[in-house]
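**Student:** Just a sequence and a predicted model for now, questions to come.
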Amino acid sequence: MRKTQLLVICSALFLFGVKADAQQSNDRFQQWDENKDGKLTQEELPNNARGAFESMDSNGDRVVDRDEFDAFLNSRDRAGSQSARTPSPTHADVKYGEHAKQAFDIWLAESKDGAPTPLVIYIHGGGFRGGDKSRIDGHPIQDYLDQGISFASMNYRLSDVGPYPIMMHDSARGLQLIRHKAKEWNLDPQRVACYGGSAGAGISLWLGFHEDLADPNSDDPIARQSTRIVAAGTTGGQSTYDMRTFREWFGVPDLPPHPALVTFYAIENEEDWDSDRVKKLMTDASAITHLTKDDPPVFMTYGRGDVPVDVNSEPGLWVHHARLGLKLREAMDAIGLECHVTWNGNPSPKYEDIHAFLREKVRGER
C-alpha cells in the first residue's frame, strides 16, 4: 500500500474515533452495519473511511465481517507507525514464471558479520480471488531488516486463471527461485519461514506440511530446490479447505460452501461437490491432511475465539474461525509438534505476536 493511501485510511479511522479495543470496535461495527446483517459493505462505511475497505476485506469477498474488521483495527496502529519506515524492495517484481502474478518483492537485510541472513516470506490473502504482494501495510518489514532478517512478499496466480493447485505450486516455485539465488543474495536457504492471512495463511500451512516438491533429478536447477520451511504463521488461517471437514468440525451438515471455494475447485454445478475430482482436490488442498511428525511449528491468530456457527452464519465467520486453528493444534499436539493458537483476549504465553514467533524460528532459537 502506498504511504499516502495508508495515512489517509488511518486518519479517516482516527476521525471516527476507531480504537482497537473490543468494546469500541464492536460499537463502531454495529453503528456502521446499517442493515444489521453482521457484515459491512463499502457503501455502509462513512465516505472518508471507504478507502480502507480493500484493506479490511482480507478474503476479497466484497464484504467485511467482524473478524476482518477487528483484525484490520488491530493492525492499524502498527501499520500507521510502520508506513513511514517501509523501505523500497532491494529487488522488485522478481519473476519466477511467465504470468504477471508470478513475481515477488524481496528486501535483503544487511549482515553485520557477513553470514547469510534468514528470510521471512509474506503471502497475501484475498480468497484466492484477489489481493496483491503490495498489500503489506501493518507488516513490520523494517523491524525484520533491523534485526538482520530478510523479507519477501509473494504474488501467485489467482482462481480466475485456474483452480487449485496453481496457487500453492506458484508460491512453492517462488520459494525455490529464492533458494536458487540464496548465494547471490546472501540468504540462508535452511532458515526460511512463511506467513500470511486467509488464503496466504492456507498456502503457508500447505508449504509447511506438504512433502517436498523438489525434484533432485530435474534439468531445471530451480526445480531441484527444496520447498520445505522452518515455520508457518497465519492470521485467520484455514487448516482445511474440505467442505466435508468444515461441516464435521462445526457440526453443521448442510453448511453452504464458501463462494471462494467454487472457483478454487472449478465448481460448475452442485453435483461437482460429490465428484471424485473435487473430493480428491479438497483432500489435497487441506494442509492438515499432509501433517507428519517432521513438520515445522505453527503460530495461528484469529480475531475471535471459538464462537458458535450455524447454517445461517456468514461464510466469512467460519472460514476465518479459531476452531480451524484449535483442530490443527489438537492434531499437532497428538504427534508432539508445536502449535500456538491465539485470538483477541487469548494471547500466547510465550510470544508477543506472530512476528516474535517467526523471528525466533528463522534464527534457529528455541
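**Tutor:** Everything's here; your move. Numbers count the residues shown, from 1 in each chain.

**Student:** State whether S88 is indeed within a strand.
**Tutor:** No. Under DSSP: H, G, I helix; E, B strand; the rest coil, S88 sits outside any strand and is assigned coil.

**Student:** what's in contact with stretch 252-260?
**Tutor:** 59-61, 127-129, 159, 199, 243, 246-247, 267, 273, 309-311, 313, 315, 318-319 (C-beta atoms under 8 Å, 6 or more residues apart in numbering). To be clear about C-beta, it is placed using only N, CA and C from the backbone, and glycine gets the same treatment.

**Student:** what are the ranges of the strands in the stretch 201-350 of the chain?
**Tutor:** With DSSP state E, counting those that start in this stretch as the criterion, the stretch 201-350 of the chain has strands at 231-235, 298-302, 339-343.

**Student:** In helices only, show me the contacts of stretch 252-260.
**Tutor:** 199, 243, 246-247, 315, 318 (DSSP state H).

**Student:** which pair in these spans the largest distance?
**Tutor:** Greatest spatial distance among the ones in helices among the contacts of stretch 252-260 (C-beta to C-beta): A199 and R247, at 20.5 Å.

**Student:** Neighbour count: these two, which is higher?
**Tutor:** The neighbour comparison of A199 against R247 (other C-beta atoms under 10 Å) goes to A199, with 31 against 17.

**Student:** hang on, that one packs against R135?
**Tutor:** No. Counting by C-beta atoms under 8 Å, A199 stays clear of R135, with 11.8 Å between them.

**Student:** how about low-confidence regions in the stretch 251-366 of the chain?
**Tutor:** In the predicted model, the stretch 251-366 of the chain carries pLDDT under 70 at residues 365-366.

**Student:** which residues in it form helices?
**Tutor:** With DSSP state H, counting those that start in this stretch as the criterion, the stretch 251-366 of the chain has helices at 259-264, 276-285, 315-318, 322-334, 354-363.

**Student:** Which one of those helices lies nearest to S55?
**Tutor:** helix 315-318 (15.2 Å).

**Student:** Now tell me what touches the closest one from outside.
**Tutor:** Counting by C-beta under 8 Å, 6+ apart, 38-39, 59, 61, 63-68, 246, 250, 255-256, 258-260, 307, 309 sit against helix 315-318.

**Student:** Now list the buried members of those residues.
**Tutor:** Among the contacts of helix 315-318, those buried by neighbour count (16 or more other C-beta atoms under 10 Å) are 38-39, 59, 61, 63-68, 246, 250, 255, 258-260, 307, 309.

**Student:** quick one, what contacts A334?
**Tutor:** A334 neighbours (C-beta under 8 Å, 6+ apart): none.
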